[in-house]
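Chemist: Just need the structure, nothing else, for what follows:
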Amino acid sequence: MNLQGLLDRVVSDHRPSLATLRYDIELAIPKVAEKWKPWFDDPRDIHGSAFCTDVRLILLRMRELRGPMRGDTLLTSCGSGLSVQVSDCRGMDFRVRRWPSKKLHGERVRAVVSPIAGEQLVSRVPAAVGEQMILDEGEQVQLFPAAMATPAGKYEVFSLWWPTADGMGLSEAVLAAVVDVDNASRVQILATSALPPVTDSPLLAASATRIAVPGDDFGEYTPPVVGSGTDDDSDKPA
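Modeler: Next comes the predicted model:
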């Protein structure tokens, strides 16, 4: 199973909508830090559960107030436990949540394959340069034990994000295939694909089109407006 190819295809198919998701996460994180500022000068002191819950709540509310957008290919809804559920019309869905371990970064993922005779995911040797990396490669002590088969077996897709070092902004957001996301000792990040940049969001594209462009040296090539009174006015009587 080519999990990397699957994630890359989802990002490609929903590029504008996933760029908007990144844009919303970038807005939500500093809003949470600002909300708690009267009690916590440093947002890193906020309990993780409270911080993440507030990020999810703001994400849901922002997207609810915005409503549907032209060309948006993803639908956002509130799932169990105030989870942010994102889906498309073809049955693909994922949840948005914080990266499951503070000790790891987006580039450190565990490569896995499915054995021919079964469906359980197993560990494999380190990948070549430019491919997925083994999670514990180069570590003296394994961060997560490399079990021959994961207890859950099947992966789930998430949009994972993690904050900057100061807790005031978004460091990165990715689409990821994950096993055992709720178990810190067994969680495995099988593959990741970064969410598109915010500049690909139709929100920013719409803002750009509303900005008035001053006259330039090529104004003479601009098609005349009907009824504008110019010499080229097509409505002028012969």
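
Chemist: which residues touch the helix ranked longest in the chain?
Modeler: The single longest helix within the chain, with elements called by DSSP state H, is helix 15-35. By Cβ atoms under 8 Å, 6 or more residues apart in numbering, the residues outside helix 15-35 that reach it are 11, 43, 46, 51, 54-55, 58-59, 62-63, 69, 71-74, 86, 96, 159, 161, 163, 167-170, 173, 175, 195-204. (Each C-beta comes from the backbone N, C-alpha and C, glycine too.)

Chemist: List the buried residues of it.
Modeler: By 16 or more other Cβ atoms under 10 Å, the buried positions in helix 15-35 come out as 15-25, 28-30, 32-33, 35.

Chemist: next one: stretch 183-191
Modeler: Within stretch 183-191, the residues that count as buried by 16+ other Cβ under 10 Å are 187, 188, 189, 190, 191.

Chemist: So the third one sits against residue 181, correct?
Modeler: No. When contacts are counted by Cβ atoms under 8 Å, residue 189 is not listed as touching residue 181 (9.0 Å).

Chemist: Please enumerate the shared neighbours of these two.
Modeler: Contact criterion Cβ under 8 Å, 6+ apart; residues shared by residue 189 and residue 181: residue 100.

Chemist: Just the buried ones from the contacts of helix 15-35?
Modeler: Neighbour counting with 16+ other Cβ under 10 Å marks 11, 43, 46, 51, 54-55, 58-59, 62-63, 72, 74, 86, 96, 159, 161, 163, 167, 170, 173, 175, 195-196, 198, 200-202 as buried within the contacts of helix 15-35.

Chemist: Residue for residue, what is the longest strand this structure has?
Modeler: strand 170-179 (DSSP state E).

Chemist: got the buried residues for that strand?
Modeler: So for strand 170-179, counting by 16+ other Cβ under 10 Å, buried means 170, 172, 173, 174, 175, 176, 177, 178, 179.

Chemist: In its sheet, which strands sit next to it, and in what direction?
Modeler: Using DSSP bridges, the strands paired with strand 170-179 are strand 156-163 (antiparallel), strand 188-194 (antiparallel).

Chemist: would you list the ones you listed in a markdown table and tack on mean pLDDT and distance to residue 2?
Modeler: Formatted as a markdown table, those follow (pLDDT from 0 to 100; distance: least, Cβ to Cβ, whole Å):
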| stretch | mean pLDDT | distance to residue 2 |
| --- | --- | --- |
| strand 156-163 | 95 | 14 |
| strand 188-194 | 92 | 9 |
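
Chemist: Of these, which is nearest residue 79?
Modeler: The minimum distance between residue 79 and the strands paired with strand 170-179 falls on strand 156-163, with 12.1 Å, by Cβ to Cβ.

Chemist: Residue 157 - nearest residue in space that isn't next to it in sequence?
Modeler: Take residue 157 and drop its neighbours on the chain: the residue closest to it by Cβ to Cβ, 6 or more residues apart in numbering is residue 94, 4.1 Å away.
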